[in-house]
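Visitor: got a predicted structure here, sequence first:
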Amino acid sequence: MADSKHGIGGLKYDTSKRHWPNEANVFIALILIVLVFEGLGLFTQGNSFLFDSKGRFDSIFNEQRLKIIILQVSIVGIIAIGVTQVIILGGIDLSSGSIVGATAMIAMSFAQVAEVNGSPNPKAIFLEQGWVDLPLIIPLIIGLFCGIIAGGINGLLIAYTRIPPFIATLGMMVTGRGVAKWWSKGRPISFPTEDFTLIGNGFGGWMPVVIFISLAILFFLILKFTVYGKHTYAIGSNEEAARMSGIDVNRHKVLVYTIAGILAALAALVLSSKNLTAQSGMGVMYELDAIAMTVIGGVSLSGGRGSIFGTVLGSLIFGVIISGFTFLRLDAYYQEMVKGIIIVGAVVLDQWRQRRVASRA
Amino acid sequence: MNDVILETHDLTKHYGGVFALEAADFTLQKGEHVAVMGDNGAGKSTFVRQITGVEQPTRGKIIFDQQEVSFDGPLAAREAGIETVFQTLALADDLDVPDNLFLGREMLKLKLGPFSILDYKGMRDATLRGLEKTGVKIPNIKNTIRNMSGGQRQCVAIARTATFHSKLTIMDEPTAALGVQETAQVENIIRTLKENGEPLILVSHNMRQVFDLVDRIVVFRRGRIVANLKKEETDGQDVVAYITGAKTDPAYELKEDD
Ligand SMILES: Nc1ncnc2c1ncn2[C@@H]1O[C@H](COP(=O)(O)OP(=O)(O)OP(=O)(O)O)[C@@H](O)[C@H]1O
Ligand SMILES: [Mg+2]
């Protein structure tokens, strides 16, 4: 109804005059990093990072390498979707990696086949109870339930006891890993049902990517177009204002941490299915990788700013760097060091941006 | 009796050992504009926070629109018809103007609990209408609050109360950070409220403004109401005497057993 160019009463409403989105910077960084690896590869090894070195026209891109990057990134990316929401809320979640470990163990033990090569499955811990060859829905629901419990406890602690998120989720990180070890008693669990293996191997092995991208799109839209998203940003930018505006801040926090827990549990299902096994050490350090993807993607650790789209770009940068190092045949411990530097660098950049904005106001 | 919109009896708030508000008896008639004055820390904002459900009073009664009320949160007060400009403004820095105006009471396209879909266009149009009604000029409503000046932020907070129909408006130092023009603009908004017969509680340190705008002045000192003055029966010097404690209204003299 209103002339949206000028708005009612001659007030300016100019859609074209939008801020240069932060995501654009992240995208440029992604391209630069790819170019650097491409250059380094050509110089040091006479080998291309991106393109098939044999120069065949039917497969221009080096599909094998890209697939490894993308699969590596997708599973941690699922976690990062939840971590992004927690960070926008002004919190942090250190427990995701342990939730992955515990959920993988528990869900996998309900996804066992009865027999392996004609003899009883040695890994099925519920063989006596007859809980084998269960339909896919059982381990699926049990796994997601693990995420709801762990994330819900995080949220309740943070919202109602006022424990800082860092401490509350650190507690869950230790406890969750303990649960995983207690459940496994040192034995990995393998031999999942065929249906269960599809979660991580369907679509010709691309299932983790399909799940990651679908969830990224879903939560991108939710954050942008729903009350849930608006309140997440509002609490992250000014919790007191959100409370005074009548938002039930505590309930919302529980909801966000629970969703983060569910996403970590989902990552656990995908990962254990893809690897056809679960062990108690699964997902160690994933929480830091997920946080790294998020901050690299321009999500501000002080809350209120960032998007899932940024995190997806951040996850690509993350994947490119990891595979780039492998491609250049640098040792794995360099990767760890560089990861640390990148996280700190991204946070410094964010602080710097913030100070620049503040001084302009 | 039926002309009273707000009444408090023995309204009291203690923060641990701090007696921020003590036994406040306050009455506001329909259509009346009252100023609340007092030095820094006198308990003015505390009084506002008890009425608007931001905090729960230690004891006392609040009667709003003929009913005893006990708001369990700011949203409840707002739904009952009390719109407030808080001293802290209560704006979310990373959201734009329509988002802030409708924070906590968003217009919806589709109701799905927490995942209800926002009606961005509806909120944008209502925002423009609200800004037009109040005469508040903001260069671009898509700007986030973070990128606005102190005065513009204050205008947004005031536009928020003016956009919604209310039975009572409360403004806690609405012109504290404003320039001359913006202050005049806010005072015009207040005059419009008066013309429409909408009651107002105005917390202000600005003597000129208070005498220009309101019908009655209530003075707070160290958590207590110490004076209740009709504008015609007082002057600036008199009010200052009450604020500083040089004078106390006999009706509000401390009883011995307090
Ligand atoms: N949350 C709180 N906890 C403890 N003490 C508080 C709290 N809020 C306010 N106070 C104290 O209550 C007293 C009254 O504060 P209040 O903010 O109501 O003053 P005010 O009259 O609004 O002052 P100003 O003009 O500076 O805004 C002050 O002594 C203040 O320190
Ligand atoms: Mg105050």
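Guide: Received, thanks. Ligands and ions are numbered 1, 2, ... in the order given.

Visitor: going forward, measure contacts and count neighbours with C-alpha atoms only.
Guide: OK.

Visitor: excluding its backbone neighbours, what's nearest A:E240?
Guide: If you skip the residues right next to it in sequence, A:E240 has B:A90 as its closest partner in space, 6.9 Å away by C-alpha to C-alpha, 6 or more residues apart in numbering or on different chains.

Visitor: now the one you found. Its backbone dihedrals?
Guide: phi 60, psi 50 (degrees, to the nearest 10).

Visitor: that one: neighbour count?
Guide: Using other C-alpha atoms under 10 Å in any protein chain shown, B:A90 has 21 other residues around it.

Visitor: thinking it is in contact with A:G246, fair?
Guide: No: using C-alpha atoms under 8 Å as the test, B:A90 is too far from A:G246 to be in contact (10.6 Å).

Visitor: neighbours of A:I28, just the number please.
Guide: If you count neighbours by other C-alpha under 10 Å, A:I28 ends up with 12.

Visitor: ditto for A:I137
Guide: A:I137 sits with 12 neighbouring residues when counted by other C-alpha under 10 Å.

Visitor: again, but for A:M337
Guide: If you count neighbours by other C-alpha under 10 Å, A:M337 ends up with 10.

Visitor: give the other helices and strands that whatever helix or strand it lives in contacts.
Guide: A:M337 belongs to helix A:332-360 when assigned by DSSP states H and E. Helices and strands in packing contact with helix A:332-360 are listed as helix A:286-296, helix A:308-327; criterion 3 or more C-alpha pairs under 8 Å, 6 or more residues apart in numbering or on different chains; DSSP states H and E.

Visitor: deepest-packed of the ones you listed, please.
Guide: Mean neighbour counts were taken over these using mean count of other C-alpha atoms under 10 Å in any protein chain shown, and the top value, a mean of 28, falls to helix A:286-296.

Visitor: returning to that earlier point: rank the helices and strands packed on helix A:332-360 by pLDDT, which is bottom?
Guide: For the helices and strands packed on helix A:332-360, mean pLDDT drops lowest on helix A:308-327, to a mean of 88.

Visitor: how about residues contacting that helix?
Guide: Counting by C-alpha atoms under 8 Å, 6 or more residues apart in numbering or on different chains, the neighbours of helix A:308-327 from elsewhere in the structure are A:22-23, A:26-27, A:29-30, A:33-34, A:37, A:41, A:49, A:65, A:68-70, A:72-74, A:77, A:80-81, A:84, A:216, A:219-220, A:292-299, A:331-332, A:335.

Visitor: go ahead and build a ChimeraX selection from the buried members of those.
Guide: Taking 16 or more other C-alpha atoms under 10 Å in any protein chain shown as the burial criterion, the selection of buried members of the contacts of helix A:308-327 in ChimeraX is written as:
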select /A:23,26,27,29,30,33,34,37,41,49,65,69,70,72,73,74,77,80,81,84,216,219,220,292,293,294,295,296,297,298,299,335
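
Visitor: quick check on B:N196: phi, psi?
Guide: According to degrees, to the nearest 10, the main-chain angles of B:N196 amount to phi -80, psi 0.

Visitor: gap between it and B:T183?
Guide: Counting by C-alpha to C-alpha, to the nearest Å, the separation of B:N196 from B:T183 is 20 Å.

Visitor: and the two? Which one has more around it.
Guide: In this comparison of B:N196 against B:T183, neighbours counted by other C-alpha under 10 Å, the higher total goes to B:T183 at 18 against 10.

Visitor: per-residue pLDDT, the more buried one?
Guide: The predicted structure scores B:T183 at 87 on the pLDDT scale.

Visitor: which other helices and strands contact whichever helix or strand it is part of?
Guide: Applying DSSP H and E as the criterion places B:T183 in helix B:180-195. For helix B:180-195, the packing partners by 3+ C-alpha pairs under 8 Å, 6+ apart come out as helix B:150-163, helix B:207-213.

Visitor: count the residues that sit near A:G39.
Guide: For A:G39, the count of nearby residues is 16 (other C-alpha under 10 Å).

Visitor: now do it against chain B, distance only.
Guide: In this structure, A:G39 and chain B are separated by 39 Å, where distance is defined by C-alpha to the nearest C-alpha, to the nearest Å.

Visitor: cool, and A:P192?
Guide: According to C-alpha to the nearest C-alpha, A:P192 and chain B sit 35 Å apart.

Visitor: for B:A76, what are its contacts?
Guide: Here B:A76 is in contact with A:G246, B:G53 (C-alpha under 8 Å, 6+ apart).

Visitor: could you give the mean pLDDT of the helix or strand encompassing it?
Guide: Element membership of B:A76 [criterion: DSSP H and E] is helix B:74-80. Along helix B:74-80, the predicted confidence averages to a pLDDT of 90.

Visitor: just the C-alpha atoms of that helix, please, in CSV.
Guide: Backbone C-alpha positions of helix B:74-80 (Å, rounded to 0.1, in the frame of the first residue of the first chain) are rendered in CSV as follows:
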residue,chain,number,x,y,z
PRO,B,74,6.7,-5.7,31.4
LEU,B,75,4.6,-7.4,28.7
ALA,B,76,1.7,-7.8,31.1
ALA,B,77,1.8,-4.1,31.9
ARG,B,78,2.0,-3.2,28.3
GLU,B,79,-1.0,-5.5,27.5
ALA,B,80,-2.9,-3.8,30.2
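
Visitor: got the buried residues for the helix or strand just after that helix?
Guide: Along the chain past helix B:74-80, the next helix or strand (assigned with DSSP H and E) turns out to be strand B:82-85. By neighbour count with 16+ other C-alpha under 10 Å, strand B:82-85 contains the buried residues B:I82, B:E83, B:T84, B:V85.

Visitor: quick one: pLDDT of the residue nearest to A:D289 when sequence neighbours are not counted?
Guide: Nearest-residue entry for A:D289: A:V76, 7.0 Å, with adjacent residues in sequence omitted and distances by C-alpha to C-alpha, 6+ apart. Residue-level confidence at A:V76 comes out at 96, pLDDT.

Visitor: returning to what we had before: check which element follows the helix holding B:T183 along the chain.
Guide: Per DSSP H and E, helix B:180-195 leads on to strand B:200-203 as the next helix or strand towards the C-terminus.

Visitor: just checking: what are the partner strands of that following strand?
Guide: Strand pairing for strand B:200-203, determined by DSSP bridges: strand B:33-37 (parallel), strand B:168-172 (parallel).

Visitor: any regions of the stretch 1-150 of chain B where pLDDT drops low?
Guide: Along the stretch 1-150 of chain B, the model assigns pLDDT under 70 to residues B:1-2.

Visitor: which residues of it fall in strands?
Guide: Assigned by DSSP state E, counting those that start in this stretch, the strands in the stretch 1-150 of chain B fall at B:4-15, B:18-29, B:33-37, B:59-64, B:67-69, B:82-85, B:108-110, B:117-118.

Visitor: with the stretch 51-200 of chain A instead?
Guide: Secondary structure of the stretch 51-200 of chain A (DSSP E, counting those that start in this stretch): strands at A:115-116, A:119-120, A:189-190.

Visitor: average pLDDT for the first one, rounded please.
Guide: Which is strand A:115-116. This predicted structure assigns strand A:115-116 an average pLDDT of 88.

Visitor: what helices or strands is that strand leaning on?
Guide: Packed against strand A:115-116 by the contact rule (3+ C-alpha pairs under 8 Å, 6+ apart) you find no helix or strand.
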